[in-house]
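Student: mind looking at a prediction? Sequence and model below.
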Amino acid sequence: MKIRIKGNSLRYRLTRTDVQTFITNGLVEEQINFGDTILTYALRQTENNELSATYEDNKITLFMPYMMVLEWNDLNTVGFGQDIDGLYLLVEKDFACLDNVGEDQSDNYPNPSAGK
């Protein structure tokens, strides 16, 4: 799972394995070590009706409604976005890049623009 923060937006991009783990367990999380401090970022299933997020104790948690989780399992659904009081939240499947990059993309979703 990747996280991107820009301005007042938060975006999570998940590989195929991340999505399947999330659909099965209702939770996927990663950590990054900043020396003595660890930042955790997580995607958690919720019974609420809209995306939401919290930041507590060096942990960013983005909550995704159960109904969105069911729809996300469909191969044609890329992701979901929502503006919550000026904070834009986006959760999406991670597609393989069309150009050469130095990271392993073997678990990414095939890019729909590939071969065009």
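Tutor: Okay, I see it.
Student: just the buried residues of the top helix by length along the chain, please?
Tutor: Using DSSP state H, we find that the single longest helix of the chain is helix 16-25. For helix 16-25, a neighbour-count test (16 or more other CB atoms under 10 Å) marks Asp18, Val19, Thr21, Phe22 as buried. Where you see a C-beta, it was placed from the backbone N, CA and C, and this is true even at glycine.
Student: surely Pro65 and Glu71 touch.
Tutor: No. Look at Pro65 against Glu71 with CB atoms under 8 Å: they stay out of range, at 9.5 Å.
Student: so the two - more neighbours on which side?
Tutor: For Pro65 versus Glu71, the count of surrounding residues by other CB atoms under 10 Å is larger for Pro65: 18 against 12.
Student: roughly how far is the lowest-mean-pLDDT helix or strand in the chain from the heart of the chain?
Tutor: Across the helices and strands of the chain, mean pLDDT, DSSP states H and E gives its lowest value to helix 66-72, namely a mean of 85. Distance of helix 66-72 from the chain centroid (CA atoms, centre = their mean, to the nearest Å) equals 13 Å.
Student: show me the contact partners of the following helix or strand past it.
Tutor: The helix or strand immediately downstream of helix 66-72 is strand 79-84, counting by DSSP states H and E. The contact list for strand 79-84, computed with CB atoms under 8 Å, 6 or more residues apart in numbering, reads 50-53, 64, 68, 72, 88-93.
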